[in-house]
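Peer 1: Here is the input, now give the coordinates:
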Amino acid sequence: MVRTYKKKSSRGNWSVESMKHAIDAGLSKSAGYRKAAQLHGVPQTTLERHVAKIRKGEVSLNSAPGNFKPVFSKQEEEELVRYLKDMEKLLFGLTTVVLRKLAYQLAEKKS
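Peer 2: Reported below is the predicted structural model:
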């Protein structure tokens, strides 16, 4: 059994910030795709795909990765955590199922 796996490829080793800079360079036509990709250390085909999606309007430059958008703001989430901790101090611990139902009701009320 392998205990220490060593990655053999450099696939996916670019940062989101460097991709944003490369996309900016590609959109402003200050550099071609090849030059922008080399300059910022991102794959050229990935850069081309991202720029094409932005030009079509499918994705914005500032969108966060992932399929799900946060329902609660940081303040609302902290308020829910505070409520949970208060209930725990009163020896009224909530199960995960009850917590999920509570969060769902809060989300329904919000929207």
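
Peer 1: what's the closest non-adjacent residue to Ala36?
Peer 2: Ala25 (4.0 Å; Cβ to Cβ, 6 or more residues apart in numbering). (Each C-beta comes from the backbone N, C-alpha and C, glycine too.)

Peer 1: Give me the buried positions along the helix or strand hosting that neighbour.
Peer 2: Taking DSSP states H and E as the criterion, Ala25 maps to helix 16-27. For helix 16-27, burial by neighbour count (16 or more other Cβ atoms under 10 Å) applies to 19, 21-23, 25-26.

Peer 1: got it, and stretch 29-42?
Peer 2: 31, 36-37, 40, 42.

Peer 1: List the contacts of that stretch.
Peer 2: 14, 18-19, 21-22, 25-26, 43-44, 47-48, 51 (Cβ atoms under 8 Å, 6 or more residues apart in numbering).

Peer 1: between these, which is closest to Lys7?
Peer 2: Trp14 (14.3 Å; Cβ to Cβ).

Peer 1: Tell me the pLDDT of that closest one.
Peer 2: Per-residue confidence (pLDDT) for Trp14: 86.

Peer 1: And for it, the neighbour number?
Peer 2: 17 (other Cβ atoms under 10 Å).

Peer 1: doesn't Pro43 make contact with it?
Peer 2: Yes: counting by Cβ atoms under 8 Å, Trp14 touches Pro43, with 7.0 Å between them.

Peer 1: Could you export the buried residues of helix 16-27 as TSV, including distance to Glu78 and pLDDT?
Peer 2: Written out in TSV, the entries for the buried residues of helix 16-27 read as follows (distance: Cβ to Cβ, whole Å; pLDDT from 0 to 100):
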residue	distance to Glu78	pLDDT
Met19	31	91
His21	33	93
Ala22	36	93
Ile23	33	92
Ala25	38	92
Gly26	39	89
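
Peer 1: would JSON lines of those residues with distance to Leu94 be doable?
Peer 2: Below are those laid out as JSON lines (distance: Cβ to Cβ, whole Å):
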{"residue": "Met19", "distance to Leu94": "41"}
{"residue": "His21", "distance to Leu94": "45"}
{"residue": "Ala22", "distance to Leu94": "46"}
{"residue": "Ile23", "distance to Leu94": "44"}
{"residue": "Ala25", "distance to Leu94": "50"}
{"residue": "Gly26", "distance to Leu94": "49"}
